[in-house]
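> here is the input, now give the coordinates:
(one chain, ligands or ions: 1)
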Amino acid sequence: MRAALHLALLGAVAGCGLDDPPEVPSWQVDVMPVLAANCVRCHGYPLNPLVPSSFRLDAYAPTSLPGLSLPLEGAGGAGVAKDLATASDPDPAFTTTLTKRMPPNRRLGEREYQILRAWSGAADAVTNEAPRGPGRPDNRAPTISMEELGREGSVLTLAFEVRDLDHDLVSGNILGPTLDVQNQVQVGPIGVVVSGRRTFAWDTTGLPAGTYEITARLDDGADVDGPDGDEDYLEVPVMTVVLP
Ligand code: HEC
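Numbering: from 1, shown residues only. You can find the predicted model right below:
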C-alpha cells in the first residue's frame with residue numbers, strides 16, 4: 001500500500017503520470033476542450049470581426065458558408081493545427097513578427113500547450129491537416145430542433161437549438177434548396193451550425209414554389225466514418241418548409 005502510494009507520487013513528480021499528454025491527441029477528447037476553454041470565445045463562429053476570418057476553432061472541418069454562389073471554405077481547427085501550436089508556444093524566447101502570441105494576455109498551461117504541439121506534429125506533411133483521431137468511446141450524438149419564427153416576403157427567419165449531452169462543441173451546416181449558377185435547384189448550405197441556440201435569416205428569392213426538406217449536418221468531433229474518411233457528421237432531417 002505504502003509502496004504503491006510512493007510509486008504513484010514518484011510518477012507524478014517525474015511527469016509520467018496518467019495526466020501526460022497523449023502522443024497523438026484526439027480532436028474530440030483532447031484538442032477541442034483546450035480550444036473551447038482558451039480560444040473559441042474569440043475564434044468561434046460567427047467570427048469576431050477583429051480576428052482572422054480564414055479559420056474557426058470551434059470546428060474540426062471547413063465550413064461551407066451560405067449565400068455565396070461558389071461555396072467558400074473557411075478552415076476548421078484541423079487545417080491550421082500548426083499555427084495553433086506556434087501561436088500558443090509559451091516559451092518566453094519565442095518571437096516572430098508574423099505570429100501574435102495566443103491567447104492574448106496570458107499563456108496556456110504546459111499540458112494544454114503540449115496537446116496542441118503533439119497534434120500539430122501529427123499533421124499530414126502534404127495537406128497540413130491534423131488527424132481527428134479516435135473519438136470518445138461512449139460518445140453521445142448531438143441533436144437539433146428547428147422552427148420557423150416568421151416570414152417577411154421571401155425571407156424566412158429560422159431558429160435552431162443544438163444539444164449535446166457530452167457538451168462537445170458542435171459545428172456543421174443546415175442544408176436546404178439553393179440555386180446553382182444556372183438557377184437550378186440543388187441542395188446546399190443555408191445556415192451554419194453552432195452549439196446552443198441561434199436565429200438566422202434565409203433568403204428564398206428565386207426558389208420555385210414547393211415543399212422542401214431541411215436537414216442538418218452535425219459534427220461533434222467524433223470519428224463517425226473511420227480514420228480515413230471525411231464524412232464525419234450525422235445528417236438528420238430537421239423540418240419541412242413550404243414555399244408559395
Ligand atoms: C481575446 C481574444 C482571443 C483569444 C482568447 C484567442 N485569440 Fe487568437 N487571435 C485574436 C486576435 C484579435 C487575432 C488577430 C491578431 C492580429 O492580427 O493582430 C488572433 C490571431 C490568431 C492567429 C493567427 C496568427 C496571427 O498571429 O495573427 C492564430 C493562429 C490564433 N489567433 C490562435 C489562437 C489560439 C490557438 C488561441 C487559444 C489558445 C487563441 N488564438 C485565443 C484573438 C484571440
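> from here on, just use CA atoms for contacts and neighbour counts.
Noted.
> quick one, helices of this protein?
2-14, 32-38, 40-43, 81-87, 110-121 (DSSP state H).
> worst mean pLDDT among those?
Across the helices of the chain, helix 2-14 has the smallest mean pLDDT, namely a mean of 45.
> beta partners for S171?
For S171, the beta-bridge partners under DSSP bridges are D219.
> kindly tell me how buried it is, as a neighbour count.
Other residues lying near S171 total 24 when counted by other C-alpha atoms under 10 Å.
> domains for this structure, by residue range?
2-121, 143-243 (automatic domain parsing).
> could these go into CSV alongside distance to R132?
Output for these, formatted as CSV (distance: least, C-alpha to C-alpha, whole Å):
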stretch, distance to R132
domain 2-121, 5
domain 143-243, 7
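> quick one: closest of those domains to the ligand.
domain 2-121 (3.2 Å; C-alpha to the nearest ligand atom).
> that closest one near the ligand at all?
Yes: Domain 2-121 reaches the ligand (C-alpha under 6 Å from any ligand atom) through 35, 38-39, 41-42, 50-52, 83-84, 87-88, 98-100, 102-104.
> show me the shaky parts of this structure.
Applying pLDDT under 70 to the chain picks out residues 1-18, 67-73, 92-99, 228.
> where exactly do the strands run in it?
Secondary structure of the chain by DSSP state E: the strands cover 63-64, 73-74, 143-152, 155-163, 171-179, 185-193, 196-203, 210-219, 234-243.
> quick one, which of the ones you listed is nearest to T127?
Evaluated with C-alpha to C-alpha, the strands of the chain place strand 73-74 nearest to T127, the distance being 14.8 Å.
> got the contact list for the residue positioned nearest the centre of the chain?
What sits nearest the mean C-alpha location of the chain, by C-alpha atoms, centre = their mean, is A59, with 0.9 Å. For A59, the contacting residues are G76, G77, L169, V170, S171, G172, D219, G221, by C-alpha atoms under 8 Å, 6 or more residues apart in numbering.
> equivalent analysis for R136, please.
Shown in contact with R136 (C-alpha under 8 Å, 6+ apart): Q28, V29, A222.
> cool, L169 as well?
For L169, the contacting residues are M32, A36, D58, A59, V194, S195, D220, G221, by C-alpha under 8 Å, 6+ apart.
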